[in-house]
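Q: next input, structure requested:
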Amino acid sequence: MPQPELIDLAATPAVVIHRTAEASRLTEVFDEGFESLYTRLAAAGVAPTGAAFTRYLSVGETFELELGVPTSQDSSIPTIELPECQVARLRYVGPYEGLREACERLFEWIAEYGRRPSGPFWESYVTDPRTEPDPAKRITDIYVPLAG
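A: Here you go, the predicted structure:
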């Protein structure tokens, strides 16, 4: 697995939908939510400018999520903005079932590096599962904003 790295991100406008779900229902919520989001974008004639993502606003027995897609600022659909910030990023290659372990590894690396998270983390799905049927080849970038 590649090593985590520190990178500076520019602010990124995105269209999001909010969802709340128990851990056992996450796959169902992702499938329904992203389908709904892409349908909404298509109906408005808005093209994504980057990979779909999930931002984890809270985790535990119940997850509060933002499912999103980067778009241009002049979108006809209201957008939020992923913040301009320094992040720790880990590129994970493999099935989604391994993302939890990859996230844990990234958070451990951040602590070892002497930094701390500042805000919700997110996963960006570089490889679209609709076009890559092999879970072992899927690429997901995990981003954790860092405190100054």
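Q: got a list of contacts for stretch 49-66?
A: 12, 14, 16-23, 26, 29-30, 33-34, 37, 67-72, 80, 82, 120-126, 128, 141 (Cβ atoms under 8 Å, 6 or more residues apart in numbering). (Each C-beta comes from the backbone N, C-alpha and C, glycine too.)
Q: if we go to 6 Å?
A: The contact list for stretch 49-66 (Cβ atoms under 6 Å, 6 or more residues apart in numbering) reads 16, 18-22, 34, 67-72, 120-126.
Q: ok, stretch 79-95 next?
A: 2, 4-16, 102, 106, 110, 135-136, 139-146.
Q: give me the buried subset of those residues.
A: Neighbour counting with 16 or more other Cβ atoms under 10 Å marks 4, 12-16, 102, 106, 110, 140-146 as buried within these.
Q: show me what counts as buried in stretch 119-138.
A: For stretch 119-138, burial by neighbour count (16+ other Cβ under 10 Å) applies to P120, F121, W122, E123, S124, Y125, V126, P129, R138.
Q: do stretch 76-87 as well
A: Applying a neighbour-count criterion of 16+ other Cβ under 10 Å, one finds T79, L82, C85, V87 buried in stretch 76-87.
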